[in-house]
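Trainee: Could you work out the structure for the sequence below:
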Amino acid sequence: MGHLDHAAFGWLTPVLSYVMACIGAALGLRCTVRALNTTGRARRNWLLTAASAIGTGIWTMHFVAMLGFGVTGTEIRYNVPLTILSLVVAVVVVGVGVFAVGHSRDRGRALALGGLTTGLGVASMHYLGMAALRLHGHIDYDPLLVALSVVIAVVAATAALWAGLNIKSPAAVAVASLVMGGAVSSMHYTGMIAVSVRVTPSTVALPGATAMQFIFPLAVGLGSYLFLTSAFVALSPTADEREASASAQQPVESLAR
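Mentor: Down below sits the predicted model:
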């Protein structure tokens, strides 16, 4: 059995991955709040932004954490198409849940269905990302811990969608994002604890890309997207601010006439 190291760089990757999960959750929740206060194309655009933020945040959290993953006795490579597919899955399934909540009249039913769909999608993203690993040996999973990680993913997704529906103030969103970041991180590391590796020493070159060749640049790019989008959302006026601005302009226009 190969010894697994989940924090090869110490606390750097766990903390940084948690921060990315929190940023994605906070941005997604703020965009969902904005979406519920609009209609038509504006609501669709805000929901798309929310889905991309949450999905990107979850994916970035997973693979930033994986930068610190190592197995003694073997190198690790990543299958590039499968890794990219895991990102697409994350964004799409979160989008399904967000749109279900954002457009359904029966919020309770949409919350249950959206939470289940999104949670299963997040778990699928995680294990699809694990399937992209290439190493000299065989990966096994503890089924009970895998099941627990899926339950955590569903609960976390449902809580995130509930927060998007019920939490409005920036302070409450910040607290909810910290909780959501912890839930997503817990799901990831529960799934990782379920892993065991039987190493088969070999001198054959592994296919795929190393984490620093592919995962790190992509994670940096997606992290930059989250930060820039966060700045855009923070600077863009809310519906209440637009209404207040319009109300303030009406007396000025009346005097001008």
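Trainee: Point to the residue nearest the middle of this structure.
Mentor: Centroid check for the chain by CA atoms, centre = their mean gives residue 58 as the closest residue, at 2.0 Å.
Trainee: Could you check how far that residue is from residue 225?
Mentor: As judged by CB to CB, to the nearest Å, residue 58 and residue 225 stand 14 Å apart. The way it works is simple: take the backbone N, C-alpha and C, and place the C-beta from them, glycine included.
Trainee: what about this protein, any weak spots by pLDDT?
Mentor: Flagging of the chain using pLDDT under 70 yields the residue ranges 1-2, 234-257.
Trainee: Give the burial count for the residue nearest to residue 36 when sequence neighbours are not counted, as a bare number.
Mentor: Nearest non-adjacent residue to residue 36, counting by CB to CB, 6 or more residues apart in numbering: residue 102, 6.7 Å away. Using other CB atoms under 10 Å, residue 102 has 24 neighbouring residues.
Trainee: Help me confirm that residue 102 is found in a helix?
Mentor: Yes. Under DSSP: H, G, I helix; E, B strand; the rest coil, residue 102 falls within a helix.
Trainee: Surely it is in contact with residue 45?
Mentor: No. Proximity of residue 102 to residue 45 does not meet the contact threshold set by CB atoms under 8 Å, at 11.2 Å.
Trainee: What ranges does the protein have for its helices?
Mentor: With DSSP state H as the criterion, the chain has helices at 12-36, 40-66, 80-103, 107-131, 143-166, 170-193, 216-235, 239-256.
Trainee: Return the list of helices and strands in contact with the third one.
Mentor: In other words, helix 80-103. helix 12-36, helix 40-66, helix 107-131, helix 143-166 (3 or more CB pairs under 8 Å, 6 or more residues apart in numbering; DSSP states H and E).
Trainee: Next up, the contacts around residue 227.
Mentor: By CB atoms under 8 Å, 6 or more residues apart in numbering, the contact list for residue 227 reads residue 23.
Trainee: That one and residue 196: what is the separation?
Mentor: The gap separating residue 227 from residue 196 is 36 Å, by CB to CB.
Trainee: How about residue 73?
Mentor: 13 Å.
Trainee: picking that back up, tell me who's in contact with the residue nearest to residue 36.
Mentor: 32, 35, 36, 43, 47.
Trainee: State whether the second one and residue 47 are indeed in contact, as I suppose.
Mentor: Yes. Using CB under 8 Å, residue 35 and residue 47 qualify as a contacting pair, with a distance of 4.8 Å.
Trainee: Can you say which of the helices and strands packed on helix 80-103 is nearest to residue 213?
Mentor: Closest approach to residue 213 among these is made by helix 40-66 (12.8 Å; CB to CB).
Trainee: how about that closest one: buried residues?
Mentor: By 16 or more other CB atoms under 10 Å, the buried positions in helix 40-66 come out as 43, 46-66.
Trainee: list the helices and strands it packs on?
Mentor: Counting contacts by 3+ CB pairs under 8 Å, 6+ apart, helix 40-66 is packed against helix 12-36, helix 80-103, helix 107-131, helix 170-193, helix 216-235.
Trainee: show me what contacts residue 30?
Mentor: So residue 30 contacts 170, 173, 233 (CB under 8 Å, 6+ apart).
Trainee: gap between the closest residue to the last one other than its chain neighbours and residue 207?
Mentor: Spelled out, it's residue 233. Nearest residue to residue 233, sequence neighbours excluded (CB to CB, 6+ apart): residue 30, at 5.4 Å. Per CB to CB, residue 30 is found 41 Å from residue 207.
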